[in-house]
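Peer 1: okay, sequence plus prediction incoming.
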Amino acid sequence: MDQLIIALALLSFLLVLLYKWSVAKYATFSERGVAHEDPWPLIGNIPIKGMFGAIPVLKQMVELNLKFSDSPVYGVYALRDPIFFIRDPEVIKLVAIKEFDHFANHHGMHNNMQESILSKSLISLRDGRWREMRNILTPAFTGSKIRIMYNLIQSCSEEGVSHIFELLKLSKDAAIDLEMKDYFTRFANDVIATVAFGISINSFRREDNEFLRIGQALSKISAWSMAKAVLHALFPRLMKLLRIQVMDSEKIDYFSCLVNVTMKYRLEHNVIRPDMIHLLMEAKQQRLADLRDQSKDAHNFSEFTDEDLLAQCLLFFFAGFEIISSSLCFLTHELCLNSAVQDKLYEEILSVNQELHGQPLTYDRLTKMQYLDMVVLEGLRKWPPAISTDRECCEDIDLCDENGDKVFSARKGDIVQIPIFALHRDPDNYEDPESFDPERFAEGQKAESRVFLPFGVGPRNCIGNRMALMEIKSIVYQLVLRFQLFPAEKTSRDLLDDIRGHDLKPKNGFWIKLKSRQ
């Protein structure tokens, strides 16, 4: 009996300790005068169903942002951690641009990738090492360098169109219903394989190729990977001690081997191919030259190693594989539902095609298409590829408005989030935000958009945005030129409600009916 009493007392003591630990940070927002909802112990403001993909997460983000429409900053407890969400455009500029030195680093990826090769990727690097790597990589992402990869991407677009024609030949009614997520995943897979890893893979013909299979496995957000991410957030030191990683190291090793073999072969055989590996190898050689140049302050430079190069290739893989395929799914979904926009876009594309007189579409001609640009930008406005971005405060600072009045006091270690998706759907930023209206981006209208952040903001924005735009425009041009896009029977009529969880895909997929224009 005495032992039972002691055990119950010990259990009660442990439960009290667990409760105290779980709510220890829950006074943060009240003390700082930041608007917020009352949290639950341990889980904070995160719905349990939301962790496992049972509620429309994007819709919830929009509703939460609108709920705090009178607050420039509002708070959300993500499990135990207080996260400051910034919704005021001027405060966003302060954090991401004007006071960038106080908010130079990302936080969200750090714990989950610190033991991985991805810790050397641009998105994970911090402080001086990030600045170095950004300076090393920037020359590889200029317009002139991106241009040299255009033919590789254009070839993938043409293969994608050929695949649809083959499916149409098998159709009895000259039209097909196509699940676009699978289609654009294969397209994005082929682009990444050829541009970032130097290999040609036709995923439309080789449906079960290893590159695609491993890529899909790495990109899939499973319940177990979500659970590991939550454990990393709650117990980062324990997870590091147990060497439990969110990402599968064996699958990452597959891509590591690809890059290493490719680089070795090219060096031994003096092979030059216009792709990302070539540009990164050039960047590596330039860094070695800088280190040898005694006239430069080379002692402050770090070497650009093979591991650094590999990490950037892997980053491009993760950025391109899911983000590009999702962006294209959303854009073509909007085109199939907005026939007037599609017709106007087709007129411009047909006009350009006729001017080419049978010659291939060039990079310069593609980038100068005004309405195509407007359509793509509106797609990225309504469905931004990054639904949010974060920054970590490295030093205490008071953020003040133009009148010098304090808006928000950031403290060292604070995590701030810029909720891009919700801001793009905010009527304070865009009139009638739920409509798909490319005219928002007509000449003379762009300056009126208060917030447009599809690729992030400030010095830490997406370095590959030019290539992403080229990839999207290339395949959209080919598809709209050759096919009419209609809603299919399974096409979702309310994507915001149908998208559950974190993989940005409606429960029944992205279905579109395609019919040849010929």
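Peer 2: Done, it's in. Numbers count the residues shown, from 1 in each chain.

Peer 1: quick check, pLDDT for residue 69.
Peer 2: Turning to residue 69, the model gives it a pLDDT of 91.

Peer 1: let me see the contact set for it.
Peer 2: Residues in contact with residue 69 (C-beta atoms under 8 Å, 6 or more residues apart in numbering) are 87, 426, 428. Yep, even glycine has a C-beta here, placed from its N, CA and C like the rest.

Peer 1: helix or strand for it, which one?
Peer 2: Assigned by DSSP states H and E, residue 69 belongs to neither a helix nor a strand.

Peer 1: how close does residue 348 sit to residue 466?
Peer 2: 21 Å (C-beta to C-beta, to the nearest Å).

Peer 1: and the gap between the closest residue to residue 106 other than its chain neighbours and residue 121?
Peer 2: Nearest residue to residue 106, sequence neighbours excluded (C-beta to C-beta, 6 or more residues apart in numbering): residue 390, at 5.8 Å. Distance, residue 390 to residue 121, by C-beta to C-beta: 16 Å.

Peer 1: adding neighbour count and pLDDT, write the contacts of residue 69 out as CSV.
Peer 2: Formatted as CSV, the contacts of residue 69 follow (neighbours: other C-beta atoms under 10 Å; pLDDT from 0 to 100):
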residue, neighbour count, pLDDT
87, 25, 94
426, 19, 95
428, 15, 92
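
Peer 1: redo the residues you listed as JSON lines? Include secondary structure and distance to residue 15.
Peer 2: Rendered in JSON lines, the data for the contacts of residue 69 read as follows (DSSP: H, G, I helix; E, B strand; the rest coil; distance: C-beta to C-beta, whole Å):
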{"residue": "87", "secondary structure": "coil", "distance to residue 15": "37"}
{"residue": "426", "secondary structure": "coil", "distance to residue 15": "42"}
{"residue": "428", "secondary structure": "coil", "distance to residue 15": "45"}
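
Peer 1: show me where the protein has its strands.
Peer 2: Assigned by DSSP state E, the strands in the chain fall at 35-36, 73-78, 81-86, 175-179, 389-392, 397-400, 406-410, 415-418, 483-487, 511-516.

Peer 1: pLDDT weak spots in this structure?
Peer 2: Applying pLDDT under 70 to the chain flags the ranges 1, 50-53, 108-116, 218-249, 294-301, 444-449, 502.

Peer 1: run the last query once more with 80
Peer 2: The model of the chain has pLDDT under 80 over residues 1-4, 7, 48-54, 108-118, 215-253, 290-303, 318-321, 444-450, 501-504, 518.

Peer 1: state the distance from the residue most central in space within the chain to residue 330.
Peer 2: Among the residues of the chain, the one closest to the centroid is residue 386, at 4.1 Å (C-alpha atoms, centre = their mean). Going from residue 386 to residue 330 by C-beta to C-beta gives 13 Å.

Peer 1: so who does the residue lying closest to residue 162 once chain neighbours are set aside touch?
Peer 2: Using C-beta to C-beta, 6+ apart and skipping residues adjacent in sequence, the residue nearest residue 162 is residue 204, 7.7 Å away. By C-beta under 8 Å, 6+ apart, the residues touching residue 204 are 159-160, 162-163, 186, 190.

Peer 1: can you give me the neighbour number for the nearest residue to residue 489 once chain neighbours are set aside?
Peer 2: Among residues not flanking residue 489 along the chain, residue 177 sits closest, at 7.0 Å (C-beta to C-beta, 6+ apart). If you count neighbours by other C-beta atoms under 10 Å, residue 177 ends up with 16.

Peer 1: for residue 329, same thing?
Peer 2: So residue 329, with other C-beta under 10 Å, has 25 neighbours.

Peer 1: what's the separation between it and residue 336?
Peer 2: Here residue 329 is placed at a distance of 11 Å from residue 336 (C-beta to C-beta).

Peer 1: ok so, going back, could the strands of the chain be laid out in CSV, adding distance to residue 43?
Peer 2: Listed next are the strands of the chain as CSV, based on distance: least, C-beta to C-beta, whole Å:
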stretch, distance to residue 43
strand 35-36, 14
strand 73-78, 8
strand 81-86, 11
strand 175-179, 34
strand 389-392, 20
strand 397-400, 29
strand 406-410, 25
strand 415-418, 17
strand 483-487, 39
strand 511-516, 35
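
Peer 1: these: which one's closest to residue 278?
Peer 2: Closest to residue 278 of the strands of the chain is strand 389-392 (C-beta to C-beta; 29.4 Å).

Peer 1: run through who's touching that closest one.
Peer 2: The contact list for strand 389-392, computed with C-beta under 8 Å, 6+ apart, reads 83, 95-96, 103-108, 413-418, 420, 453, 456-457, 460.

Peer 1: can you check stretch 422-440 too?
Peer 2: Residues outside stretch 422-440 that contact it (C-beta under 8 Å, 6+ apart) are 61-62, 64-66, 69, 87, 89, 334, 337-338, 341, 371, 374-375, 377-379, 381-382, 384, 445, 449-454.

Peer 1: quick check: buried residues in it?
Peer 2: Going by neighbour count (16 or more other C-beta atoms under 10 Å), the buried part of stretch 422-440 is 422-426, 429-430, 433, 436-438, 440.

Peer 1: endpoints of it, how far apart?
Peer 2: 18 Å (C-alpha to C-alpha, to the nearest Å).

Peer 1: ok now that stretch, how far from the chain's centre?
Peer 2: 20 Å (C-alpha atoms, centre = their mean, to the nearest Å).

Peer 1: and stretch 292-304, how far apart are its ends?
Peer 2: In stretch 292-304, first residue to last residue: 13 Å (C-alpha to C-alpha).

Peer 1: and if you look at stretch 69-79?
Peer 2: In stretch 69-79, first residue to last residue: 23 Å (C-alpha to C-alpha).

Peer 1: rewinding a little: in helices only, show me the contacts of stretch 422-440.
Peer 2: Among the contacts of stretch 422-440, the residues falling in helices (DSSP state H) are 61-62, 64-66, 89, 334, 337, 341, 371, 374-375, 377-379, 381-382.

Peer 1: got a markdown table for the contacts of residue 204, with neighbour count too?
Peer 2: Listed next are the contacts of residue 204 as a markdown table, based on neighbours: other C-beta atoms under 10 Å:
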| residue | neighbour count |
| --- | --- |
| 159 | 18 |
| 160 | 22 |
| 162 | 15 |
| 163 | 18 |
| 186 | 24 |
| 190 | 27 |
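
Peer 1: among those residues, which are in helices?
Peer 2: Counted as lying in helices by DSSP H, out of these, are 159-160, 162-163, 186, 190.

Peer 1: I appreciate the help and will end here.
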